[in-house]
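S.K.: okay, sequence plus prediction incoming.
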Amino acid sequence: MLLADLLYWVGLVAVAVGAATGVFEAERKGMDLVGTVMVAVATGLGGGTVRDLLLDRNVFWVVDQTYLITAFATGILTFFIVRRRPISPRLFLYPDALALALFAVLGTQAALHWHAPWLVASLMGVITGVFGGVLRDIFCNQVPLIFLPGELYASAALAGCLLLIGLQALGVSPVWAAWLAAALIFGLRWAAIVFKISLPTFKARA
Amino acid sequence: MLLADLLYWVGLVAVAVGAATGVFEAERKGMDLVGTVMVAVATGLGGGTVRDLLLDRNVFWVVDQTYLITAFATGILTFFIVRRRPISPRLFLYPDALALALFAVLGTQAALHWHAPWLVASLMGVITGVFGGVLRDIFCNQVPLIFLPGELYASAALAGCLLLIGLQALGVSPVWAAWLAAALIFGLRWAAIVFKISLPTFKARA
Amino acid sequence: MLLADLLYWVGLVAVAVGAATGVFEAERKGMDLVGTVMVAVATGLGGGTVRDLLLDRNVFWVVDQTYLITAFATGILTFFIVRRRPISPRLFLYPDALALALFAVLGTQAALHWHAPWLVASLMGVITGVFGGVLRDIFCNQVPLIFLPGELYASAALAGCLLLIGLQALGVSPVWAAWLAAALIFGLRWAAIVFKISLPTFKARA
């Protein structure tokens, strides 16, 4: 019970972190309050929404509107804060890494619970973790940042999701597997930021 | 019965208005007939489609293809009319405001009927009203117009949806609540166009 | 049984062809491995996914992950091949026409099986055939190629889907109707490439 409560609150914080990163992009595009809140909501809730649609589950924030209220309120609040005095998006790098780890693990477990096969389940984890940002970038009319060369992000999430599935297949308890997977994702992301680790890439031509 | 019939016809007109506004954007991008019709269909039906997917209802135009035929036919017709002689998109400002009001009210009531919580229901109303235009702009590779500074649009829809929910919570009959909410949305939109009312905004930097 | 097996394999090849065309666009945008694989997966599986969401069916690759593995593997493999030595996308023109024909026919039959009305069913066929490419272009931040003037593509698919529905309504067996429709789509696409047949279009202004 206590663990479930903790996870619920951490989930809300992760949604808020996502929503805040949406506001930074909306600001760069000169959006108004409505645009900013829409982008914030899409960034905070988009990953889980796409996962739930693909798995044909009830969309999580339609069932429990606390998530929607959190994203809305964060969007409005951050809009007025950032409007008064710019905040460095770098402040959010590590909270965002934590949100990525949490979303990816929760998304994978939701998919496993639905009996999705292993590669599908790990992709659902990755989608839950990164698709909010992808939607944000589509709304802001730019190539999704995570598709472009940069420090490990989606790949860190994928590694963690695969670890989670592997550990559970080996008989490790879901709780321990989740902690280890989340630690791997956060650790990889942390290392990627500090040591600038990246994946092979095409050279841009267009 | 008569009211339901009237609403059905008004709904078809609203779909046609949405589809026509899609054609104007498609023309600016130099699309061909197929692209234009696809954008017209997405603009006319997109908002209700996203709402139905999120609420896990049957998509309205899959069940009753009259909507799809309306959007298709409007797209083709408007393509050939606009191709021969440009029409000012401003002609559609007030029909579009009416369509916004209608879609927002119908979308909110559909969500309430599904027992969605209040903030979710009002967001569903807004999505039904504006998401066709958002899809249109994504297909046309531009930042959704309604996210950028301009006269009240999504915010007018949100105000109406919240009024509708408030009135029904106070015991007002659904029909009267719907008329008042639609009037508020149309009135706000009308006032916003005439008096150039807008929301607080970020200054564009990128 | 044999026919079903054949179709299954042809379907996998079509997914692989779609995924490969995604890699070419990702390369033009200078994406990294993760971005490339995500775009490849979206291109290969996107059309069928949108169809399944709209029809409220189980998403095909969530149920059978062979499709996902195919798209993943093709994306990774093509990434490393193209990175070493560019391949002309023109090599894929005819395989892509075949994939279009197959997807459109399978998509229409899936929709008919679900008892979708005729125009909805033919649109589902078109969506299955072309929406992977539309998602690819949205992820790559460009106006979907098939919406812009060019040789017949979506319109060839639409013609085939309507033929399929017409033939089945006239009592032709589903298998024969499918072959004839696929032949029409492939033939139209082939003729369009060779003779540069295109649809009426707007002149680009923006």
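M.R.: Here it is on my side, so go on.

S.K.: can you tell me how far A:T66 is from chain C?
M.R.: Going from A:T66 to chain C by C-beta to the nearest C-beta, to the nearest Å gives 26 Å. In short, each C-beta sits where N, CA and C put it, glycine included.

S.K.: got a list of what that residue touches?
M.R.: Each residue near A:T66 by C-beta atoms under 8 Å, 6 or more residues apart in numbering or on different chains is listed here: A:L12.

S.K.: go with 10 Å
M.R.: A:T66 sits next to A:Y8, A:G11, A:L12, A:V15, A:F60, B:P117, B:L119 when contact means C-beta atoms under 10 Å, 6 or more residues apart in numbering or on different chains.

S.K.: and A:W118, by the same measure?
M.R.: A:T108, A:A111, A:L112, A:C161, A:L162, A:I165, A:G166, A:Q168, A:A169, C:Q65.

S.K.: at 6 Å instead, please
M.R.: A:I165 (C-beta atoms under 6 Å, 6 or more residues apart in numbering or on different chains).

S.K.: so what pLDDT did it get?
M.R.: With respect to pLDDT, A:W118 has a value of 93.

S.K.: and what of A:K203?
M.R.: So A:K203 comes in at 63 (pLDDT).

S.K.: of all residues in chain A, which one is nearest the centre?
M.R.: Centroid-nearest residue in chain A, with C-alpha atoms, centre = their mean: A:G129, separated by 3.2 Å.

S.K.: distance of it from A:G47?
M.R.: Counting by C-beta to C-beta, to the nearest Å, the gap from A:G129 to A:G47 is 6 Å.

S.K.: circling back to that earlier point, now, of the contacts of A:T66, which are buried?
M.R.: A:G11, A:L12, A:V15, A:F60, B:P117, B:L119 (16 or more other C-beta atoms under 10 Å in any protein chain shown).

S.K.: just those now: which is nearest A:P174?
M.R.: A:G11 (16.3 Å; C-beta to C-beta).

S.K.: pull the number of nearby residues for the nearest residue to A:D137 once chain neighbours are set aside.
M.R.: Closest residue to A:D137 apart from its sequence neighbours, by C-beta to C-beta, 6 or more residues apart in numbering or on different chains: A:P144 at 4.3 Å. A:P144: 24 surrounding residues under other C-beta atoms under 10 Å in any protein chain shown.

S.K.: phi, psi of A:P144?
M.R.: Note on A:P144: its backbone torsions stand at phi -50, psi 130 [degrees, to the nearest 10].

S.K.: quick check, A:L119 in contact with C:L68.
M.R.: Yes. Counting by C-beta atoms under 6 Å, A:L119 touches C:L68, with 5.5 Å between them.

S.K.: check which helix or strand covers A:G18.
M.R.: In this assignment (DSSP states H and E), A:G18 forms part of helix A:2-28.

S.K.: what of A:F80?
M.R.: helix A:66-84.

S.K.: tell me the angle of that helix relative to helix A:2-28?
M.R.: Computed by axes from the mean of the first three to the mean of the last three C-alpha atoms, to 10 degrees, the angle separating helix A:66-84 from helix A:2-28 equals 40 degrees.

S.K.: circling back: which of the buried ones among the contacts of A:T66 sits closest to B:L53?
M.R.: A:F60 (14.2 Å).

S.K.: buried sites along the helix holding A:F80?
M.R.: In helix A:66-84, the ones that count as buried by 16+ other C-beta under 10 Å are A:66-72, A:74-76, A:78-79, A:82-83.

S.K.: continuing past the lowest-mean-pLDDT helix or strand in chain A, what's the next helix or strand?
M.R.: Sorting the helices and strands of chain A by mean pLDDT, DSSP states H and E puts helix A:2-28 at the bottom, at a mean of 86. Next in sequence after helix A:2-28, counting helices and strands by DSSP H and E, comes helix A:33-55.
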